[in-house]
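Asks: have a look at this fold, sequence not included:
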């Protein structure tokens with residue numbers, strides 16, 4: 001009996017001591033630690049593959065102002081427009097008198113004459129090579145004198161070739177029937193024909209030579225003759 005009492009007292013003492021320890025503990029859970037000002041960690045943004053948009057008015061690759069490069073200017077033509085004046089043969093010859101002091105080269109041609117069309121561009125080149133010393137005149141002899149085909153009906157076909165050759169020289173559409181010209185006005189039977197007048201308006205060269213109607217070219221015959229007149 002005595003031992004049992006001692007045992008119960010020991011158990012009671014242990015329970016009382018254990019209960020006191022738990023009661024002394026703070027039942028309130030601890031507060032989380034608050035970081036000091038400025039000590040918070042800022043999370044870096046993730047890098048993306050998309051490029052950062054360029055400022056307005058700049059290209060994304062170079063950063064240069066967009067639209068700042070000047071475009072190539074459009075090509076402009078400095079050539080004189082090609083013209084064609086209708087004139088009789090006698091009035092055409094009067095043009096030579098207006099060019100005193102310059103060599104005059106008059107080229108008679110037609111759209112139906114292949115050798116004429118082959119050589120006519122050389123007349124244009126000659127005018128550009130000696131603009132201060134030589135006057136070049138082209139004379140179309142397409143008009144045949146037919147009543148149903150007036151001289152102006154040949155204008156378009158002549159202009160087509162003159163514009164193709166950029167013949168910005170004095171161009172004449174002759175209103176005199178070419179049969180009259182060959183039969184009465186010049187000592188030639190066919191085209192092409194080139195007349196060269198000196199600085200005093202005198203006819204000094206004919207190609208081909210009426211006495212020797214062989215073929216001729218500007219490069220081998222007309223141009224050397226003109227240069228000789230210029231150098232005199």
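Replies: Done, it's in. In this text, all values refer to a predicted model and were calculated from it rather than measured experimentally.
Asks: now do the host helix or strand of residue 224: which elements does it pack against?
Replies: Assessed by DSSP states H and E, residue 224 sits inside helix 223-231. In terms of contacts (3 or more C-beta pairs under 8 Å, 6 or more residues apart in numbering; DSSP states H and E), helix 223-231 is packed against strand 103-109, helix 114-129, strand 193-197, strand 203-207. Using the backbone N, CA and C atoms, a C-beta is placed for each residue, glycine as well.
Asks: again, only this time at 6 Å
Replies: Contact partners of helix 223-231 among helices and strands, from 3 or more C-beta pairs under 6 Å, 6 or more residues apart in numbering; DSSP states H and E: none.
Asks: what sits up against it?
Replies: If you take C-beta atoms under 6 Å, 6 or more residues apart in numbering as the criterion, helix 223-231 is touched by 103, 133, 198, 205.
Asks: now a ChimeraX select for only the buried ones of these.
Replies: Buried subset of these, written as a ChimeraX selection, criterion 16 or more other C-beta atoms under 10 Å:
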select :103,198,205
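Asks: dump the contacts of helix 223-231 into JSON lines; add distance to residue 178 as well.
Replies: Shown next, in JSON lines, are the contacts of helix 223-231 (distance: C-beta to C-beta, whole Å):
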{"residue": "103", "distance to residue 178": "25"}
{"residue": "133", "distance to residue 178": "30"}
{"residue": "198", "distance to residue 178": "26"}
{"residue": "205", "distance to residue 178": "22"}
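Asks: looking at this protein, which helix or strand is least sure?
Replies: Least confident helix or strand, the chain: helix 2-24 with a mean of 49, by mean pLDDT, DSSP states H and E.
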